[in-house]
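Asker: Sequence below, structure please.
(chains A and B)
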There are 2 protein chains.
Amino acid sequence: MPTVIVGALVQGKPNFNTIAYCGVAQSVPPMLSISMDKSRYTHGGIVENGCFSVNIPSEELLEKADYVGTVSGRDIDKSGIFTLYYGKLKKAPMIQECPISLECELVHIMDFEGKNDLFIGRIIETYADEGCLGDSGPEMLRVKPVAFSRPDHRYWSIGGLLGKATEVSKR
Amino acid sequence: MPTVIVGALVQGKPNFNTIAYCGVAQSVPPMLSISMDKSRYTHGGIVENGCFSVNIPSEELLEKADYVGTVSGRDIDKSGIFTLYYGKLKKAPMIQECPISLECELVHIMDFEGKNDLFIGRIIETYADEGCLGDSGPEMLRVKPVAFSRPDHRYWSIGGLLGKATEVSKR
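Answerer: Got it, this is the predicted structure:
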C-alpha cells in the first residue's frame, strides 16, 4: 500500500492524517479514493469543506508523516508541522515538503456501514517539485515514496527497477 | 501503486487482467476497490458473476503478470497460464503461484461516467502461501510484491525496511 498524507481544514485549521488506504479510482477524469476511519479528526474536515489534499511524502519526510498519523488533531495542533500552500480550491492545505501533492474535490462519500468512509476525490490539480520530474513526469527514484505493509505496520522504501510494462513479458 | 492480477470468469472461462488501480476501501469488514476500464474483457466477467479475485504476484511472476495485462481475453485464452483454484464463492478463479489471493464478492459498482468503473469488493477469504507467512502474517520480503509507477509504466521491487509505524516518529 502507498503511504500518503491527507490534508484538510478542520474548523478553519489545517490538519493532516497519514494513511495507506488509498487508490486510483478513475483514469479519465482522474479520481482517487481514500478510506478513512469515521472517528478521525481529518474525516470531519473533509466532509465540512468538500475538499482535501493527498500529499506523497518521500523517505526524508517519514518521521513527520508517521507523527501526524499517530496523534490526533483533537489533541495536537498540526498546522505548523509542514510548510503549507493552497491551490485552486483555496481550502485544501498542501505540503511544500512533499514532492507531489494532489488537490482533490470531494465528489462522493461511500458509507458501507463499517468503520471507515470511502471518499472519492476528483483530482483538480497536481503539484510537483521540479526536482522529482524527469522527461515524462515524476520519477520513482526522485520521488522516493514509501510503501506500507500490514498487519506488521512497517514502512518500506522502493527498491530497484524490474522493467517496463509490455516489455517485461516479451523476455 | 500496487501491482495486482484481477481474476474473473468470463462466459465460464477464467480470465485475468493486471492492474495498479487498487486500494483498501474499508478495514472492518475488509473491502477493497479496483478501478477497471469498462472496455476490458475481465470487466464483463466481474459484473456477470458478482465476484472476482485479487492476486498479489511476487517478482518471480512478473513476466506472466505483465503478459496478462498486455493482451485481451477477447484474443487470447488466458485460462492455462496459471495454476488455478477456487474458494467459497466457487466462481472467482485464484492463482496458485501468487503468494496471496483475496476472494472478493462484488458489493458495489460506481460509475463516474468516465473511462473506468470502480468495483468495491468485500474480501470473503484470504489465501496465503505458508512460505510468505511470519509470526504476525504475510511478510513483505517474503511476498515480494511489485510497485508500479505512472506515467512511465515501470515495475519496481520493494526495497529496505524504513521502520515501524508509531516508532519512526519517536526518533
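Asker: Looking at chain A, which residue is nearest chain B?
Answerer: Nearest to chain B, among the residues of chain A, is residue A:23, at 2.0 Å (Cβ to the nearest Cβ). Heads up, the C-betas are built off the backbone N, CA and C, glycines and all.
Asker: correct me, but that residue touches residue B:31?
Answerer: No - contact criterion Cβ atoms under 8 Å: residue A:23 and residue B:31 do not qualify, at 11.6 Å.
Asker: burial of the closest residue to residue A:81 other than its chain neighbours, as a residue count?
Answerer: Using Cβ to Cβ, 6 or more residues apart in numbering or on different chains and skipping residues adjacent in sequence, the residue nearest residue A:81 is residue A:64, 5.9 Å away. Residue A:64 has 20 neighbouring residues, counting by other Cβ atoms under 10 Å in any protein chain shown.
Asker: so what sits against both of residue A:23 and residue B:31?
Answerer: Residues touching both residue A:23 and residue B:31 (Cβ atoms under 8 Å, 6 or more residues apart in numbering or on different chains) are B:24-25.
Asker: follow-up on the earlier one: beta partners for the residue of chain A closest to chain B?
Answerer: residue A:33 (DSSP bridges).
Asker: mind listing what it touches?
Answerer: Contact partners of residue A:23, counting by Cβ under 8 Å, 6+ apart, are A:32-33, B:1, B:21-25, B:33, B:35.
Asker: Equivalent analysis for residue A:72, please.
Answerer: So residue A:72 contacts A:40-41 (Cβ under 8 Å, 6+ apart).
Asker: For stretch A:109-124, list the C-alpha coordinates in PDB.
Answerer: Extracted in PDB, the C-alpha atoms of stretch A:109-124 (Å, rounded to 0.1, in the frame of the first residue of the first chain):
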ATOM      1  CA  ILE A 109     -18.800   9.600   0.100                       C
ATOM      2  CA  MET A 110     -19.500   5.900   0.300                       C
ATOM      3  CA  ASP A 111     -20.600   4.500   3.700                       C
ATOM      4  CA  PHE A 112     -20.500   0.700   3.900                       C
ATOM      5  CA  GLU A 113     -21.800   0.900   7.400                       C
ATOM      6  CA  GLY A 114     -18.400  -0.200   8.700                       C
ATOM      7  CA  LYS A 115     -15.600   1.500  10.400                       C
ATOM      8  CA  ASN A 116     -14.500   3.800   7.500                       C
ATOM      9  CA  ASP A 117     -16.000   6.000   4.900                       C
ATOM     10  CA  LEU A 118     -14.600   5.900   1.400                       C
ATOM     11  CA  PHE A 119     -14.000   9.300   0.000                       C
ATOM     12  CA  ILE A 120     -13.800   9.700  -3.800                       C
ATOM     13  CA  GLY A 121     -11.900  12.800  -4.800                       C
ATOM     14  CA  ARG A 122     -11.600  14.300  -8.300                       C
ATOM     15  CA  ILE A 123      -8.000  15.500  -8.800                       C
ATOM     16  CA  ILE A 124      -8.400  19.100  -9.700                       C
END
